Structure formats: structure tokens, C-alpha cells
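Peer 1: Just a sequence and a predicted model for now, questions to come.
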Amino acid sequence: MNIPLLIVIMYMLMNVGVAFYSKKFTKTSDSKGFLLAGQRLPWYLIAVMVTGNAVGGSSTIGVAQNAYTAGISAGWYTGAWATGAAVFGLFISAKVRKMNINTVSEIFLKTFGVVNGSIAIVVQVIILFGINALQIIAGGALLSTLLPEFFTYTGGMIASTIVYILISFIGGLLGASIANLMNVIVIYLGLIVAVIAAITQAGGVNSVISALPPGDQWLDLVKGMGPGILLGWVITMIINTPANQTLYQPTLGAIDEKNAKKGMLGAVILIFPIGFIAAAMGLIAASQFPGLENSAMALPALTMSLNPFVAGLVFSGLWAADVSTAIALLLGISSIVTKNIIVDFIYKDLSEKKQVVVSKIVLVLSALMGLMVAMNISGIISFLMQLLTLYTPYTLLIFAILYAPKLLKKSTCFMTVLSGLVVMIVWMMVPGSHIVSQVVYLCLPVSAVVLLLTSVFDKREVDVSVLYKN
């Protein structure tokens with residue numbers, strides 16, 4: 001009997017069961033019910049939805065991988081994510097609740113017109129699609145690595161994709177939020193139990209520390225990763241969150257502004273510690289399994305050495321991190337394609353009932369296309385991830401819309417986004433442009449300067465009041 005496998009399968013079935021159960025609490029017969037949970041999300045479901053989105057494979061296995069060589073400072077990855085969520089909660093969430101929008105792309109569509117809005121829609125879909133394909137890859141890698149006798153790499157991706165589809169297809173945003181309530185609990189429980197079990201197995205904290213390879217970076221909160229990379233993480237996450245559809249969806253699905261803000265700040269508290277717990281696992285792995293050829297195996301190697309019941313719980317927690325991110329991404333893609341492409345441009349009179357059908361079709365197709373990309377063209381993912389840079393100009397534009405609308409002119413959106421695209425292309429094609437450690441250090445000032453220049457030289461004003469009209 002393979003106890004870890006049984007635990008993982010039971011957990012998969014529980015996730016799908018929760019999606020079915022959620023249908024009792026909201027109507028999914030209209031688009032607002034399916035995509036925005038009928039705007040009935042309380043703060044705690046918003047908190048776990050955002051946490052689930054933030055805590056994917058990179059926040060667990062990826063952090064442990066960095067900690068295996070760089071030490072505890074790798075834990076600041078989720079600290080950076082928490083900082084971005086705090087900025088969104090404090091400065092964005094309450095304000096966008098006052099707008100008459102369903103997606104972040106509508107902000108640019110209504111403010112700057114069809115051309116600029118269409119570009120924003122395409123960028124959002126490409127970014128979300130690329131990250132979703134990464135989650136499918138992560139799900140396949142996780143299941144095939146931890147349970148190789150039962151899952152091939154391809155089989156793990158297929159199994160993960162099926163579960164992603166079922167949870168989001170059946171329950172919509174509410175079902176995904178309730179599933180993430182369970183996922184976040186399992187993530188925390190799995191990682192904490194694993195740390196305790198691993199330390200006990202190693203003979204205590206002092207034994208772990210004394211067995212670490214030579215180096216003074218292990219317990220230093222900055223030295224291992226370095227201040228340049230850590231600051232780059234923080235800046236990147238602050239830039240990514242204000243223009244990210246996966247944060248707008250639970251915010252717009254909240255009961256009211258108070259719950260939207262409280263939920264986002266609750267996510268900050270939940271997101272922050274997870275990276276340091278995962279980093280602790282990386283440190284323990286460094287002390288117990290030094291010299292691993294592939295440092296990405298740090299957390300899996302340590303997990304497989306634990307009691308089978310503990311290992312099963314940890315496997316479920318790691319897989320839950322992947323699931324929770326994937327379902328948020330699928331719902332984000334479905335919202336943008338349905339509302340901003342199908343309804344806004346193709347079929348303006350599409351009924352609410354048909355919008356739900358279209359949303360579900362888009363969701364399934366997005367997942368299946370992501371699976372095809374993950375299985376056959378995985379090399380394209382690294383390129384898609386570079387497009388995260390394009391969140392930089394959109395975030396600057398959102399802050400200008402909310403706090404300094406007089407800076408905005410007719411050309412501001414196009415020129416600011418173009419500047420970010422140029423920086424990204426130069427960074428990718430000209431190695432000599434890497435004068436800083438991360439591209440965000442170039443993109444941010446360049447986009448900000450271009451935004452200000454359009455404000456000076458373009459006299460054509462834009463009307464942001466359209467965002468608040470029914």
C-alpha cells in the first residue's frame with residue numbers, strides 16, 4: 001500500500017468535492033455568479049484566494065531550492081509577494097470597487113479606447129496563459145518526481161490539468177475560493193509538520209546547523225540571495241500586483257469595499273511566512289543531503305525521507321500550492337476573454353446564461369491549450385515569463401488613473417506600454433544591456449519617464465470618469 005499516493009488521491013477528490021459543495025451557496029447561472037461569486041465573497045475567502053494564487057510551486061519547491069545553497073534569505077520571495085499584496089490592499093482594492101468594471105483590462109479599454117484596451121487584453125491573456133502553462137508543468141513535475149511509480153511526467157500534467165478544470169468549471173470563483181481555504185490550510189499544515197518531523201529526524205536544531213556545509217550565508221536574512229536580488233523581488237511584486245487580473249477577480253467579487261481591503265491585507269499575513277517555512281526545509285535538506293546534482297530536488301528528497309503519512313501530507317500541501325494558483329489563473333483568463341473579447345467586441349447582446357457557457361468553454365480550452373504547450377513547446381514558457389515585465393507600464397498607468405488622472409493624455413497608454421516592450425526586447429536580444437541584475441530596474445524608470453513626457457507634450461486629455469458610469 002502506497003500511503004502517500006492514497007493521501008494525494010483523497011486530497012484531489014476532496015478538492016473536486018468542495019467545488020460541488022460550493023454550488024449550494026451561490027447561483028452560477030449568470031456571469032456575475034460564476035466569475036465574481038455573485039459579489040458575495042467575505043474577507044477570509046478573499047484572503048485564501050489571493051494566498052492560493054501567490055503560493056505556487058515557486059513559493060515552496062523554488063524557495064527550498066534557493067535555500068539549499070543560499071540559506072534562509074530565500075524565504076523573502078513570499079515576503080516580496082506579501083508586499084505587493086499590501087500595496088494592492090492599501091491603495092487599489094477599495095478604489096477599483098467603485099468602478100463599473102469586471103476585469104482590469106476594462107480600465108484601459110474605457111479610459112484609452114479600443115486600440116490601447118485591446119493591447120492590454122492581449123497582454124493580460126498571454127501572461128496569464130503562460131503562467132498557467134507553468135503550473136501544469138509544475139504539477140506534472142511534482143507528481144512524477146514524488147510518486148514516479150504511479151505518475152509519468154506527462155501523466156502528472158494530465159492529472160493536474162483535469163483537477164484544475166473540474167474545480168474552476170464546477171464552482172466558479174466561489175468554488176475556487178472555498179477550495180483554496182482548504183488548500184491554504186493543507187499547505188501550512190504540510191510544511192510545518194514536515195519541518196518539525198525533519199528536525200526531529202535530524203536530531204534537533206543544533207544538529208541541523210552543525211551539519212550545514214561551510215558558509216556564513218545559511219542563517220543570514222540578506223547575504224545568501226543578496227540585497228540586489230531581494231530588492232528586485234520586492235519591486236517586481238509591487239509592480240505585478242496592481243495590474244494583475246487574479247487580484248482584481250476576488251476584489252470585485254467581495255461583498256463590499258471593507259471586505260475587499262480586509263481580505264487583501266489578510267492575504268499579506270498568510271503569504272509572508274510560507275517562504276521562510278519552505279526555506280527552512282531547504283536548509284535541513286542542505287544539512288542532510290549535501291551535494292545534490294539538482295538543487296530543485298532539495299524539498300522532494302527531504303520529503304521522501306520522512307514518515308509515509310507525513311510525506312503524504314507534504315505532497316498534498318505542495319500539490320495544493322500548484323492547484324490554488326492554477327485555478328485562479330484559469331478564472332482570470334476566462335473573465336477577460338468572455339467579458340472583454342466575446343461580449344465587448346463580438347456579441348454585445350450575449351445573455352448572462354450564455355456568458356456562463358462561454359466562460360466555461362474558454363476555461364476548458366485555456367487549460368487544454370496550456371497542457372499542449374506544457375507538453376510540446378515548453379521552451380516558449382521562458383519567453384512568456386519575460387512578458388511579466390509589461391506589468392510595469394500598466395501598473396504606472398493604474399496609479400496615475402487612481403491618483404493623478406491629470407497626467408494622462410491620449411498617447412500616454414500606448415507610448416508607456418511601448419517603452420516597456422522596447423526595454424524587454426532589448427534585454428532579451430542584447431546581452432550588453434544587462435547593466436543591472438534584473439530588467440525591472442530598467443523598465444520602471446524608462447516607463448515612468450515616458451509617461452511624464454507624454455503628459456508634457458500631448459495636450460489631448462482623457463476622461464477617467466467613464467470608469468465610474470453604469
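Peer 2: Cool, the structure landed. Numbering: from 1, shown residues only.

Peer 1: does N66 really touch G282, like I thought?
Peer 2: Yes: counting by CB atoms under 8 Å, N66 touches G282, with 6.9 Å between them. Glycine gets a C-beta too; all of them are placed from N, C-alpha and C.

Peer 1: Among those two, which residue is more densely surrounded?
Peer 2: G282 (28 against 25; other CB atoms under 10 Å).

Peer 1: Now do the contacts for that one.
Peer 2: Neighbour list for G282: V63, A64, Q65, N66, A67, Y68, A74, A298, L299 [criterion: CB atoms under 8 Å, 6 or more residues apart in numbering].

Peer 1: for F272, same thing?
Peer 2: Residues near F272 by CB under 8 Å, 6+ apart: T78, G79, A82.

Peer 1: re the thing from before, which of the contacts of G282 fall in helices?
Peer 2: Counting by DSSP state H, these place V63, A64, Q65, N66, A67, Y68, A298, L299 in helices.

Peer 1: quick one: the fifth one and S295, what's the gap?
Peer 2: Distance check for A67 against S295: by CB to CB, to the nearest Å, it reads 9 Å.

Peer 1: same question, the fourth one
Peer 2: Taken as CB to CB, the spacing of N66 relative to S295 amounts to 8 Å.

Peer 1: Also the second one?
Peer 2: Applying CB to CB, the value for A64 to S295 is 9 Å.

Peer 1: between those two, which one's more packed in?
Peer 2: Shown here are A64 and S295; by other CB under 10 Å, A64 has more neighbours (33 against 18).

Peer 1: Please work out which residues outside stretch 205-219 touch it.
Peer 2: 70-73, 199, 202, 223-224, 283-284, 286-288, 290.

Peer 1: try 10 Å this time
Peer 2: For stretch 205-219, contacts defined as CB atoms under 10 Å, 6 or more residues apart in numbering pick out 67-73, 198-199, 201-204, 223-226, 280, 282-284, 286-288, 290-291.

Peer 1: Okay, now it: how far is its last residue from its first?
Peer 2: 12 Å (CA to CA, to the nearest Å).

Peer 1: Could you give the average pLDDT over that stretch?
Peer 2: Mean pLDDT, stretch 205-219: 92.

Peer 1: What of stretch 76-85?
Peer 2: 94.

Peer 1: pretty sure F457 contacts K409?
Peer 2: Yes: between F457 and K409 there is a contact at 8.3 Å, judged by CB atoms under 10 Å.

Peer 1: which neighbours do A67 and S295 share?
Peer 2: Common neighbours of A67 and S295 (criterion: CB under 10 Å, 6+ apart): G282, A285, A286.

Peer 1: Quick one: residues contacting Y441.
Peer 2: Y441 neighbours (CB under 10 Å, 6+ apart): G228, L231, G232, I235, T236, I435.

Peer 1: picking that back up, which of the contacts of F272 fall in strands?
Peer 2: Using DSSP state E, no member of the contacts of F272 sits in strands.

Peer 1: hmm, back to that, list the residues that contact both of F457 and K409?
Peer 2: M415.

Peer 1: Of these two, which one has the most company?
Peer 2: Higher neighbour count among F457 and K409: K409, with 19 against 10, using other CB under 10 Å.

Peer 1: continuing past the strand or helix carrying D322, what's the next helix or strand?
Peer 2: Under the criterion of DSSP states H and E, D322 resides in helix 308-336. Following helix 308-336 in sequence order, the next helix or strand is helix 352-376 (DSSP H and E).

Peer 1: so that next one versus helix 308-336, what angle?
Peer 2: Angle between the axes of helix 352-376 and helix 308-336 is 120 degrees (criterion: axes from the mean of the first three to the mean of the last three CA atoms, to 10 degrees).

Peer 1: Can you mark which positions in helix 352-376 are buried?
Peer 2: 355-356, 358-360, 362-364, 366-367, 370-371, 373-375 (16 or more other CB atoms under 10 Å).

Peer 1: same thing with stretch 155-172?
Peer 2: 156-161, 163-172.

Peer 1: now do stretch 303-312
Peer 2: T303, M304, S305, L306, V310, A311, G312.

Peer 1: Quick check: the two most widely separated of the residues you listed?
Peer 2: S305 and G312 (13.6 Å; CB to CB).

Peer 1: and the next element down the chain from the worst-scoring helix or strand of the chain on mean pLDDT?
Peer 2: In the chain, no helix or strand scores lower on mean pLDDT, DSSP states H and E than helix 380-386, which sits at a mean of 49. Heading C-terminal from helix 380-386, the first helix or strand you meet, by DSSP H and E, is helix 391-403.

Peer 1: Return the distance of that following helix from the chain's centre.
Peer 2: 19 Å (CA atoms, centre = their mean, to the nearest Å).

Peer 1: which of the residues in it are buried?
Peer 2: So, applying 16+ other CB under 10 Å, buried residues of helix 391-403: Y391, T392, P393, Y394, T395, L396, L397, I398, F399, A400, I401, L402.

Peer 1: so where's the stretch 351-470 of the chain uncertain?
Peer 2: 377-388, 470 (pLDDT under 70).

Peer 1: returning to what we had before: tell me which of the shared contacts of A67 and S295 is nearest to L147?
Peer 2: A285 (18.8 Å).

Peer 1: okay, the angle between the one helix or strand the closest one maps to and helix 308-336?
Peer 2: Per DSSP H and E, A285 falls inside helix 257-288. For helix 257-288 and helix 308-336, the angle between their directions (the same axes, to 10 degrees) works out to 140 degrees.

Peer 1: Any buried residues in helix 257-288, and which?
Peer 2: By 16+ other CB under 10 Å, the buried positions in helix 257-288 come out as 259-268, 270-288.

Peer 1: What average pLDDT does that helix get?
Peer 2: Rounded mean pLDDT across helix 257-288 is 94.

Peer 1: what's the spacing between the lengthiest helix in the chain and its chain's center?
Peer 2: In the chain, taking DSSP H as the definition, the longest helix is helix 153-202. Relative to its parent chain, helix 153-202 has a centroid offset of 14 Å by CA atoms, centre = their mean.

Peer 1: what about the helix or strand hosting I121, average pLDDT?
Peer 2: Assessed by DSSP H and E, I121 sits inside helix 114-146. Mean pLDDT, helix 114-146: 83.

Peer 1: orientation of that helix relative to helix 391-403 in degrees?
Peer 2: Interaxial angle, helix 114-146 versus helix 391-403 (the same axes, to 10 degrees): 130 degrees.

Peer 1: Any chance of a markdown table for the contacts of F272, columns distance to G332 and neighbour count?
Peer 2: Shown next, in a markdown table, are those (distance: CB to CB, whole Å; neighbours: other CB atoms under 10 Å):
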| residue | distance to G332 | neighbour count |
| --- | --- | --- |
| T78 | 20 | 29 |
| G79 | 24 | 21 |
| A82 | 20 | 25 |
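
Peer 1: Just give me the closest of those residues to A320.
Peer 2: T78 (15.2 Å).

Peer 1: how close does the closest one sit to G275?
Peer 2: Look at T78 and G275: by CB to CB, they are 3 Å apart.
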